[in-house]
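*Asks:* just coords:
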């Protein structure tokens, strides 16, 4: 839907890119941020709909103010390029994740040094970028920490017959990375045992962190220098984001999450991130808007006073 | 959301153009059809939502098969270019329609000879293209016939304080064109009196045409050679399209409409058309799909065996 | 929400009366029609919501054109007075129906000679006006015929522990009246046996009347001179009216119903009527609109060329 | 949720089995019909939700009258056993279909001679029972005809990276069976070419059969003696069943479908059937009800006057 | 929907019992907890739908993790037996409550010593178990305290013509028990006067307890040793549970409720409980999930370290 | 829908006035409060629906308890008169606001000394009453302070082609009044610059006030003696009120808003107020209820211990 030169002067709608940025501001060659929508949905539990997540986030993002009063700047000025949705094969999750891993590498190559934000889709897709970054860092003798916002640990060896389920995404990666999980409030006893006996998995139960911010220090201290953030929106309280597959009561609130994230970006190197598991409810756009804003806040924190 | 060359090989979603056609097939320079979305909504009555109409139609169109079994061809091969949504001023309907008229002329100039399909939005917008075509034909000494599918005659001199309301769109144009209105089943006594005393307004009441197809001949005979079609989706029965502002029971059915349209395109010259008043209901996509298919059927009829 | 004299000149919304008629046109003293909303809901089966029916019908009716093109007149000119919703006791259906019967008599007394249209609410309420009219006619040595549009015969002796259920409403009355039921397509074998052995119950199965109109004669011939119409909206096809408790496929279509009703009003004396079982679906107003229009069409047929 | 003996006398709800039949009437040992729900959903296109289909059908079925006025009998008397939902692996469609095939065979063995109705779920699952029956009949030197009600031919060699997609289900089976497809109104040109050059695929386009019933003879004549029915609910008109993935306008109506089905069951041997692709819309239960009734009508036709 | 022996090996869905427990874990003979669903709805105010509450709670419960990280155990191991829904007569609330009282006694007899959780349904049903327990304790010379979570005191002598309304449930019982009501934020002046002059009614207004937890001590101190908990879900903030009849802003939050409940179960003897007034909103499952989790948390607190 | 004398004794529903007050309690001549619904919607951004706001607020208000436990009184006793909805012209926002200004003056004249609460509708309408009060106070040598609850500053010079948009409402008035804006969390950099250089605009960012109540003093101190309150419901957190056009996360909570409002009414003279931008979501009534209660709380605060 590019407007031909002869019609540019007319008053067209904002593009359907993240924040509605125009072609100049969203040109991949210059943008420092790349949005990669991956509307993959194959192994949902309670309800479906995460396949509609990326579209809803981008749609809502078009109504976000570019100016961020907290940072007193327009983070969008770094340039944000929105790719079309990447379609993964319907041949099963293993093959789909292989495709995604390859595609993710291609994006990193095509846009070196960019800050890639993957928008899901179900949580299973996160293993592809996590492993991509774990490999990259390993080549540099470094180890990745995954900062996971989530209601569930997602550490099951397999779920519904597949080791590539949304409920086992962290199980796919936990031998390769450090995991710091925040907001957890639903896990199996097997997962809890695994957490307890693992040196590299640190869980901050929602039960323990729903008041105050003292725990922020503890989270930060658990993070290595090199961080990947995977944000399952069910980490938020369902009062804020009911639009997700298994909405667990007692979740995270808006400002504590932002404050923690701001510190993480300021005090560590965040290489990339994803936001997953939004399952939009027809007619209820507020949660979509919140998630879009979360993405933009993180862009702001990432480039705040930096280049 | 254009994909850079280096990433073209990946499996991206269909573009968000009509039918999901790619850039080549939707290039304005070569396409014979232009889709102009105008999500204008300012004077709704019973409920709102027509501003979401064009987006819903285009979204649904991406799941339509390109092959048309009735015509045994792929009408999309003529090329269909989808413009972004045209945004009209919020300064009031008179000014908005002036803007639209100017923009429509610009589109006709930028894409001469193309078949322009305007997607609304509320019905008030139809007066702009109708008058544009009436003027063009008048310059050639011809007179335009407007074939109107609608539940309402929309012949009120004004409505809710404005002569530019959706309920008065035909009143804006009836002194300039012939009107043949099909499917009418709600009008005021003033409108009925106007119909009766007007030589240039022919109304086919839904009450009279809900069975058989004998009336098709009569409709055709009322049409001049040069036709503009304005299709208010409330012409359809609300069992098929409940997603509209004032859904009147007893409306038109799918196949009779198609059969009539096929004849109109075959036996007359249809210069352009619009489809208006779809107000999508969240979670109910079937009506959006029907309207998208209607648009594609008319493209097929328009170029069937022609160029 | 009456507007004080000093503010009458401002542009206020239409009143929330049937058709949005103003106080003059809806004054009980002069109006020939009385709308009595009875949002009673106590014994629903598959889903609830009939308690919202009368409000939705009246709300939708405000967007109906007063002019009726079939009759070429404005039936509303006879005056239509809309009463507030009558609230029945929550102490159980037997007591509620006793209350309703008394209230209905009071309305008939307060508005003698008026044509009363009761809007439900669940079907159980119909027994009150039916018995009221049966008694009145009996005093005159006449016998009432109830013309029932319905998917179900509602002839169960009791249902869910109550003989006053919506599923047994006709069972409450069938020893007092003739019943002619149209559109039936769900009944128990006991009900079928009762129908077969009863001289005064005539059932027109939907299976037998879904094409043509030949059966209209037969329906008419079964009706005595004095008729009460009880219209359960599930008589309509669920494609038209999905908003009801037990939507049975294969129901009645719009125009055949209208044609039959027109003849009934023309050829018999219809004393009163009710429309029941609309359970509005949030966001889907088309069925509410259809039912409102049905009520207005019947008003038109009732007073067509008469006084 | 079995009620212990000591509490049987209380008034419990109907069981959540098909029609709400109690344990006696739904005991597998005696029932002649077996309902096998398979809520598999992996490769949806336009929208999701077919995984909720079987549950919605069974839930709605509990409000169906057991008595069938067309057949003047209670078809449920043959006994109908409802199995729990069969869960297929999330490891991908190929593996899932392998599981389903094995499970289907197990069900046929466990319940020999029963009439098995599989409730989907997406259409991809139909290949398992079709091939099971094709094999069984081949062993007897017979050839299966699949009578397919559908808007789409589903004859693509593969779709979205998988040859096991809902859009390629018939492609999985067409070399093993005769196909008679009814209601088709969306297919690719490749599919149409395949249809034209295949002796064993007969397509009845919706365009050709939307009026009259003359085509019923033709359908019947194309059927071999041994028939499997696969009913994609998008074969119905979206005015009746909007609750499906790609709702194509111009679909089949209720009574013509019933009449054809009655003849098929009377004139051929139907070994088993499935009903697929219902994607329930929250708050809109009428389509679920229609599909449940369709299943019951077919049970009635199957055992009408037989054992 | 019991699976016959021969088919047990297949992968069936979780049973539709609370938490999806299988027959062994939900066998009444061994389970320590009994779930009694009572979907009674007869006297609703603002909107309806509480009749769908029990089903929605049980459905959502199937996605709850059995492991409870707060208690570091699997409370489900005590065994939880889910009865089918108990259907009460439609003959009116007085009769329905008489039926419920009798049924509740039967359940207590059939399952002596079990912890019974009744799921509503409207609040009116709570008087039956409350009075059953008041009687039982009185026989032992004890007096029951009812701990009521609620937005409303429900102390009206009668409401909408019935003394058995949801709005008068506590009025039915307050002469027999101590009442401690938490979260109240809507009551009549008559109710407030009654509260003030009653020694046995202690109200904790939401206005006074929305910050801190100091009031927990006060609540505990007001409770006698023997407690029944009636939890009207409108006690929660509507941001968490909008799915209820009269959602009053300013309600209780998740963690303070849990902390209080944990103490109540630890420091007093809770004999039984109910959860009522959930009116599920189609498409919005998060509140159903919260309420299911509330029920499971209370089971955990009840049997924490006990037998 | 006035009940004639002869039928007054029957049990009619509550009137559809604010709180459902009867004619006596809502008689304009005696009532101290006037509710003026203005369902104007012309320039919405993200989604529409504010035109349904006033109706939803009034409908929900009918279920509010008249007694206010915080104030220990029935604020409704001052009398509250609900006018019908005022319909503004569809000829454009400039003309509509002119009409509204004139109508507002007429209401002030017709009901001198009353406390007028305008219910929107979109925010653009607020400029009319603000300027009306600014003029009135100026005549007395006073200056009005507008206390604005909002997520957005609404200080754009124009928006979508109109200087009368909802996004520029405060820009229409800021040269005439003092502005104290609370809850702001989305604004353009231009708006921020304007705020910073303006002496008469004081903004309390949501980022700064989401904890504690210390900032209340600061807000109060910024208010002049004469206050008008304009309450855009998007000031609230979207977890509480998702039903609005651009729901910004991180908004205001219920009790802090009430506490601030109580002080404002106690310590300043509030002349009038409006509540705008509620866009009701079908099926989700909790936000409507909250907004209705907000209006009633403010009435209580206004007349608390005064006359």
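*Replies:* Nice, thanks for sending it over. Quick caveat, the model's predicted, so the values are computed rather than measured.

*Asks:* what about residue A:218, neighbour count?
*Replies:* Other residues lying near residue A:218 total 13 when counted by other C-beta atoms under 10 Å in any protein chain shown. Yep, even glycine has a C-beta here, placed from its N, CA and C like the rest.

*Asks:* Assumed it was part of a strand.
*Replies:* No. Counting by DSSP: H, G, I helix; E, B strand; the rest coil, residue A:218 falls outside a strand, being helix.

*Asks:* Show me where the stretch 201-307 of chain A has its strands.
*Replies:* For the stretch 201-307 of chain A, applying DSSP state E, counting those that start in this stretch gives strands covering A:201-205, A:226-232, A:269-276.

*Asks:* show me what contacts residue A:134?
*Replies:* Neighbouring residues of residue A:134 by C-beta atoms under 8 Å, 6 or more residues apart in numbering or on different chains: A:143, A:144, A:173, A:176, A:177.

*Asks:* so where does it fall, helix or strand?
*Replies:* Using DSSP states H and E, the element containing residue A:134 is helix A:127-139.

*Asks:* tell me the angle of that helix relative to strand A:226-232?
*Replies:* Here helix A:127-139 runs at an angle of 170 degrees relative to strand A:226-232 (axes from the mean of the first three to the mean of the last three C-alpha atoms, to 10 degrees).

*Asks:* In helix A:127-139, which residues are buried?
*Replies:* A:127, A:128, A:129, A:130, A:131, A:132, A:133, A:134, A:136, A:137 (16 or more other C-beta atoms under 10 Å in any protein chain shown).

*Asks:* and it, average pLDDT?
*Replies:* The average of the pLDDT scores along helix A:127-139 is 98.

*Asks:* Could you check the angle that helix makes with strand A:269-276?
*Replies:* Angle, helix A:127-139 to strand A:269-276, by the same axes, to 10 degrees: 170 degrees.

*Asks:* Between the strands of the stretch 201-307 of chain A, which one is closest to residue D:24.
*Replies:* Nearest to residue D:24, of all the strands of the stretch 201-307 of chain A, is strand A:226-232, at 46.6 Å by C-beta to C-beta.

*Asks:* The residue in the stretch 201-307 of chain A positioned nearest to chain D: how many residues sit nearby?
*Replies:* Closest contact between the stretch 201-307 of chain A and chain D, by C-beta to the nearest C-beta, is at residue A:282 (8.4 Å). Other residues lying near residue A:282 total 20 when counted by other C-beta under 10 Å.

*Asks:* What parts of the stretch 151-300 of chain A come near chain B?
*Replies:* Neighbours of chain B within the stretch 151-300 of chain A, by C-beta under 8 Å from any C-beta of the partner chain: A:282, A:283.

*Asks:* How about the residues of the stretch 101-250 of chain A by chain D?
*Replies:* Counting by C-beta under 8 Å from any C-beta, the stretch 101-250 of chain A sits next to chain D at A:159, A:160, A:161, A:162, A:164, A:165.

*Asks:* What subset of the residues you listed is buried?
*Replies:* The neighbour count (16+ other C-beta under 10 Å) marks A:159, A:160, A:161, A:162, A:164, A:165 as buried among these.

*Asks:* Just give me the closest of these to chain B.
*Replies:* Among those, residue A:164 lies closest to chain B (C-beta to the nearest C-beta), at 18.1 Å.

*Asks:* That closest one contacts residue A:126, doesn't it?
*Replies:* No. Counting by C-beta atoms under 8 Å, residue A:164 stays clear of residue A:126, with 11.1 Å between them.

*Asks:* Okay, the residue nearest to residue A:173 when sequence neighbours are not counted and residue A:82: tell me how far apart.
*Replies:* Of all residues not flanking residue A:173 in the chain, residue A:130 sits nearest, at 4.7 Å (C-beta to C-beta, 6 or more residues apart in numbering or on different chains). Distance of residue A:130 to residue A:82, given as C-beta to C-beta, to the nearest Å: 22 Å.

*Asks:* Redo the strands of the stretch 201-307 of chain A as JSON lines? Include mean neighbour count, mean pLDDT and distance to residue F:261.
*Replies:* Below are the strands of the stretch 201-307 of chain A laid out as JSON lines (neighbours: other C-beta atoms under 10 Å in any protein chain shown; pLDDT from 0 to 100; distance: least, C-beta to C-beta, whole Å):
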{"stretch": "strand A:201-205", "mean neighbour count": "21", "mean pLDDT": "98", "distance to residue F:261": "37"}
{"stretch": "strand A:226-232", "mean neighbour count": "25", "mean pLDDT": "98", "distance to residue F:261": "36"}
{"stretch": "strand A:269-276", "mean neighbour count": "22", "mean pLDDT": "98", "distance to residue F:261": "36"}
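
*Asks:* Ok, which of these comes nearest chain E?
*Replies:* Closest of the strands of the stretch 201-307 of chain A to chain E is strand A:201-205, at 5.7 Å (criterion: C-beta to the nearest C-beta).
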